[in-house]
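>>> 3D model of this:
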Amino acid sequence: MLHLALLPLLMAILRSPYRATVWVRRQGSLKLRNVESWVQRGPSYIQRRMQRRMKWARNLVGMSGAANFQRAVNLAYGGERGAFEIPNEDDAGQTDQAEPDAVDFKILAGVGDRTGVVEGCLVTQDAPTTQVDIAAGTIMVQGEEATVATGVLSPGAAHATLDRFDLVAVNSSGVKSLIAGTADANPVFPTTGLFDAEGRVQLVILAALLIKFHAATTVNVLTADITDKRMFCRMPSRSATYFIAAVDASEQSQAMADFTCSGTADDVDIQLALDALPGVGGLVILSEGTFSCTADVLVSEKQYLKGSGYSTIVRQETNGQNMITFNPEDNQIEFG
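Numbers count the residues shown, from 1 in each chain. Take a look at the predicted model:
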């Protein structure tokens, strides 16, 4: 089965993003071609999150079926809340639903860019079956949350002889829409409007709808035609944890940051993050890179300042001497 081919990819990512890229090149599969760009966009993040769940993932990989691959991915990205599906062929309404699409991997990679579902937003069959229901919820696009109201969407007319896929999407303002696919003997997911100018996912995909052909072009979307594509963002509590990116941090770290330093008087941004913590305390995490400071930073009682191993350096701006180097074996410094 095609989805069993994904299991070596999971193990390759656990070992090395480079190996995953080589593995994809060797497979030559049209459906998996875009996995290479997915791995290259965020290898450090994906590998780090996967390694945290390596024991669970390895146990699951020992089993068979795409459902176990899906569960392993959900665990790696934050636990059982992940509703994202690539069903086994025996469980799918039609074979096309069990085939991984390039957009599936973009959805997974989007979580590293803080794009996904926070809660709710389940897509279900409606009555009449010419439309689908979308439950209320909250989504996140590139770190910004938006509220999604309950609503319905109606796919366009079916093709007389060929199936297609439509995607249920939500933008950064919480507005729901359908991305219409193209009817084909081997239909794939549409990508219209899915990416921004930098290739980052700018819409949250909630579900894929299989629009089956009908001689009278009548739309009939049943439960079996709806594949859940919600990938949940499980981020640290923003009220008690802040992440600060250095001016020379990776693009991935800067995209995730609550504060981004300029390389000059970075102590100001660090202090702002510490001051934003609640009275009960909290954690400020510094990314990899160099932070240049011109003044002391006041870390109060019950506040924690944490680096990212030896790659986090805090220097005095006037003479360039290192003030703090974080040890990866014990990289949490407690003050107060």
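>>> how about stretch 243-260: buried residues?
The neighbour-count check on stretch 243-260 (16 or more other CB atoms under 10 Å) flags 243-246, 249-250, 252-260 as buried. For every residue, glycine as well, the C-beta is placed using N, CA and C.
>>> Now go through the residues you listed and say which are in strands.
Phe243, Ile244, Ala245, Phe259, Thr260 (DSSP state E).
>>> I'd like the distance from the fourth one to Ile285, if you could.
Just to be clear, that refers to Phe259. 10 Å (CB to CB, to the nearest Å).
>>> Which neighbours do the two have in common?
Tyr242, Phe243, Ile244 (CB atoms under 8 Å, 6 or more residues apart in numbering).
>>> Kindly reformat the residues you listed as TSV and extend each row with distance to Arg315.
Below are these laid out as TSV (distance: CB to CB, whole Å):
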residue	distance to Arg315
Tyr242	21
Phe243	20
Ile244	15
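>>> wait, isn't Val314 in contact with Cys293?
Yes: using CB atoms under 8 Å, Val314 is in contact with Cys293, at 6.2 Å.
>>> ok, now how distant is the residue nearest to Ile179 when sequence neighbours are not counted from Gln142?
Nearest residue to Ile179, sequence neighbours excluded (CB to CB, 6 or more residues apart in numbering): Leu167, at 4.3 Å. Going from Leu167 to Gln142 by CB to CB gives 18 Å.
>>> can you check Val168 too?
19 Å.
>>> For the two, indicate the residue with more neighbours.
Higher neighbour count among Val168 and Gln142: Val168, with 24 against 15, using other CB atoms under 10 Å.
>>> Return the residues in contact with that one.
Neighbours of Val168 in contact, by CB under 8 Å, 6+ apart: Val123, Val132, Ile134, Leu153, Lys176, Ser177, Leu178, Ile205, Leu206, Ala207, Ala208, Leu209.
>>> tell me the domain boundaries of this protein?
1-80, 115-235, 241-334 (automatic domain parsing).
>>> And the strands in the stretch 151-300 of the chain?
151-153, 164-170, 176-179, 204-211, 226-228, 241-245, 259-260, 282-286, 289-293 (DSSP state E, counting those that start in this stretch).
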